[in-house]
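> Task: produce atomic coordinates for the following.
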Amino acid sequence: MAAARRAKRVAASQPGFLPLKASVDPADLASSRRKRGNKNKKKNWNKFCDITDVEGFLEDVRHQERTTGGLLSEKSDEHLFFVDLGQPEKPHQKAEEPDEGKKRKGKTSRPLRIDLILQHDSRVPPVKDVLAYQQPNAKKLRRIAQKAEQLAARGVVPRRQKLLLNRRPVVRTVKKAVAEANNNPDREYYNIWREEPKESADPWYLQQTGKKRVKRPEKLNEKPSVLPAVEVIAPGGSYNPDFFSHQALLQEAHMVEVKNKKEEDRIEKQLAVNNEDKATQETALHEEVEGLIEEEGDEEAETPINKEGDEGAVSAITVAAKKTERQRKKEKVEKIKEQQRLSSRHQITQQQQLFQLRSIKASIKQQEQKTKKKQIQRKAKQEAQKAQPRRLGKLKFQAPDLEVQLSDELAGSLRQLKPEGSILKDRFKSLQKRNLIEPRERAKFKRRLKLKYVEKRAFKEITESPANMSNKK
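Down below sits the predicted model:
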């Protein structure tokens, strides 16, 4: 940049430099004297350095570049001057009347003043945008293109191109859509709820264009439970039920209550304390005295234990003695004999099994029957479990109480019927029973921080008695 400025400054000092502005004198730019001063300190740089001549010169150069596209000294005479030949004479035109249908020819419309202001009036070309020419992964793409050219020169076809060539072309028969009249009774009925037609296009093309739908897992089509969303209540739950159906519903509710009562009694029996296990005065005294009185038989029992311990230590020492070579050979021979005996016995049993084929077949058949029976039982159990709520969380499903009225509570009409239960709770229990949500309990609010009671000054003045106020004084 400094070299360019220096070159322009030298060019301005030449006699052929033409300043565009009349206020700028090239002699002043060339003959201006610089101030002398101590410039070895940074604070004196702006003080003793006069750059007005440089700024004026550069401003004039920029002005010439904007208006003429370059320095006037570098322009040729054809670009700077032209020969004035005067205004060309227009040929005499006869005044003809305009025909109907033809537009009247007039002066060309001039651009508006605001459009002229907004036009770009600089002759300096715009700066080249480097980012506009950059391409992401340019080196990688260039290497790929070079490799493709090398493979093509050798006659090697890439794998992607092979797949494209091997794909079978799809014959598409385009049927022209004929608009039928709305009042045509023979036209095809369009069902908006029917299944969509299968795509006949190439699956690879549909996958690449994103038109192929994701395959829905089969597990999502299975319902978590076979129970209906809304269960119909028994006939005995009607507002005016039959006598036998009402008694059957009462019997069912009675059995549920009996089952709950048995469960409560069982828990109470397990938690009950046996009277024999209670502590008495004698047992308490025995526990307190235990360990304080030494028995005489303890010392006598210690001596035989020590003797036995000594004999055991001696036998352990004898066993740990090193074996001789003769003993090892003898053990090896015995081991080989034992292996031979076992192998011969195994061969004899295999030969004997040939005569037991009938009994073996019978046992295999019996085992297969047992296996089939177990499979049938397992399938029946799985089918039965489909109608039962599963364990989805830490809590078990608790069936709601049966909504049944006693015989004296029955009403003869709907107006006298007393509502029971809640629709919201019924729907909530139905979702739990059909394994759609897990059984849950209502969240309990637990205060983390303790409450702090503060007695304000105004309250304290009211509660304090006059006697206490006098004592304080």
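> Provide the secondary structure category for residue 53.
Three-state call for residue 53 (DSSP: H, G, I helix; E, B strand; the rest coil): helix.
> no no, residue 62
Criterion first, three-state DSSP; result for residue 62: helix.
> gap between it and residue 113?
As judged by C-beta to C-beta, to the nearest Å, residue 62 and residue 113 stand 26 Å apart. No exception for glycine: its C-beta is placed from N, CA and C like everyone else's.
> So for those two, which residue has more residues nearby?
residue 62 (13 against 8; other C-beta atoms under 10 Å).
> where does the stretch 201-350 of the chain have low pLDDT?
Across the stretch 201-350 of the chain, the ranges flagged by pLDDT under 70 are 201, 294-320.
> can you do 90?
201-226, 232-233, 236-241, 271-323, 349-350 (pLDDT under 90).
> Please identify the buried residues of the helix or strand containing residue 257?
Taking DSSP states H and E as the criterion, residue 257 maps to helix 243-271. Buried residues in helix 243-271, defined by neighbour count with 16 or more other C-beta atoms under 10 Å: 246, 249, 250, 253.
> from what I can see the third one touches residue 236, true?
Pointing back at residue 250 there. Yes - Residue 250 is within contact range of residue 236, at 7.3 Å (criterion: C-beta atoms under 8 Å).
> And the helices in the stretch 1-150 of the chain?
For the stretch 1-150 of the chain, the helices defined by DSSP state H, counting those that start in this stretch occupy 2-13, 26-31, 45-48, 52-68, 77-80, 113-118, 130-133, 138-154.
> mean pLDDT for the ones you listed: which is lowest?
For the helices of the stretch 1-150 of the chain, mean pLDDT drops lowest on helix 26-31, to a mean of 51.
> So for residue 445, which of the helices of the stretch 1-150 of the chain sits nearest?
Nearest to residue 445 among these is helix 130-133 (59.3 Å), distances taken as C-beta to C-beta.
> how about the residue nearest the centre of the chain, secondary structure?
Of all residues in the chain, the one closest to the mean position by C-alpha atoms, centre = their mean is residue 214, 17.5 Å from it. Following three-state DSSP, the label given to residue 214 is coil.
> can you tell me how far it sits from residue 222?
Taking C-beta to C-beta, one finds residue 214 at 18 Å from residue 222.
> same deal with residue 265?
On the measure of C-beta to C-beta, residue 265 and residue 222 end up 41 Å apart.
> Please apply the same query to residue 376.
In terms of C-beta to C-beta, residue 376 sits 22 Å off from residue 222.
> Comparing the two, which residue is more hemmed in?
residue 376 (10 against 7).
> Name the SS class of that one, please.
helix.
> who's in contact with it?
Neighbouring residues of residue 376 by C-beta atoms under 8 Å, 6 or more residues apart in numbering: there are none.
> so what's it scoring on pLDDT?
So, for residue 376, pLDDT stands at 96.
> Can you tell me how far it is from residue 241?
For residue 376 relative to residue 241 (C-beta to C-beta), the value is 39 Å.
> now do residue 356
Residue 356 is 68 Å from residue 241, by C-beta to C-beta.
> tally of neighbours for residue 57?
With other C-beta under 10 Å as criterion, residue 57 counts 24.
> Oops, could you answer that again for residue 346 instead?
Neighbours of residue 346 using other C-beta under 10 Å come to 10.
> Could you say which helix or strand holds residue 282?
helix 281-289.
> C-alpha coordinates for that helix, CSV please?
C-alpha atoms of helix 281-289 as CSV (Å, rounded to 0.1, in the frame of the first residue of the first chain):
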residue,chain,number,x,y,z
GLN,A,281,-39.6,-62.0,85.1
GLU,A,282,-37.6,-65.2,85.0
THR,A,283,-36.5,-64.8,81.4
ALA,A,284,-35.5,-61.2,82.1
LEU,A,285,-33.5,-62.2,85.1
HIS,A,286,-31.8,-65.0,83.2
GLU,A,287,-30.7,-62.5,80.4
GLU,A,288,-29.3,-60.1,83.0
VAL,A,289,-27.3,-62.7,84.8
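> Could you list the residues in contact with it?
For helix 281-289, using C-beta under 8 Å, 6+ apart, there are no contacting residues.
> on that earlier part again, overlap in contacts of residue 250 and residue 236?
residue 404.
> what separates stretch 235-245 from the chain centre, distance-wise?
53 Å (C-alpha atoms, centre = their mean, to the nearest Å).
> do stretch 79-93 as well
78 Å.
> shift numbering so it begins at 584
All right, first residue 584 from here; so that's stretch 662-676.
> Alpha carbons of it, as PDB, please.
What follows is stretch 662-676 as a C-alpha-only set of coordinates in PDB (Å, rounded to 0.1, in the frame of the first residue of the first chain):
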ATOM      1  CA  HIS A 662     -11.100   9.500 -24.400                       C
ATOM      2  CA  LEU A 663     -10.500  13.100 -23.300                       C
ATOM      3  CA  PHE A 664     -11.400  15.100 -26.400                       C
ATOM      4  CA  PHE A 665     -13.900  14.900 -29.200                       C
ATOM      5  CA  VAL A 666     -14.600  16.900 -32.400                       C
ATOM      6  CA  ASP A 667     -17.700  19.000 -32.100                       C
ATOM      7  CA  LEU A 668     -19.500  18.800 -35.500                       C
ATOM      8  CA  GLY A 669     -22.600  20.700 -34.300                       C
ATOM      9  CA  GLN A 670     -26.100  19.400 -33.800                       C
ATOM     10  CA  PRO A 671     -27.200  17.000 -36.600                       C
ATOM     11  CA  GLU A 672     -30.100  18.200 -38.700                       C
ATOM     12  CA  LYS A 673     -33.300  16.200 -38.500                       C
ATOM     13  CA  PRO A 674     -35.000  15.200 -41.700                       C
ATOM     14  CA  HIS A 675     -38.300  17.100 -42.400                       C
ATOM     15  CA  GLN A 676     -41.200  14.900 -41.500                       C
END
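> which residues are contacting it?
Contacts of stretch 662-676 (C-beta under 8 Å, 6+ apart): residue 655.
> so residue 789 sits right up against residue 795, yeah?
Yes - the pair residue 789 / residue 795 is scored as a contact, 3.7 Å apart, by C-beta under 8 Å.
> which residue packs closest to residue 835, ignoring adjacent ones?
residue 985 (6.6 Å; C-beta to C-beta, 6 or more residues apart in numbering).
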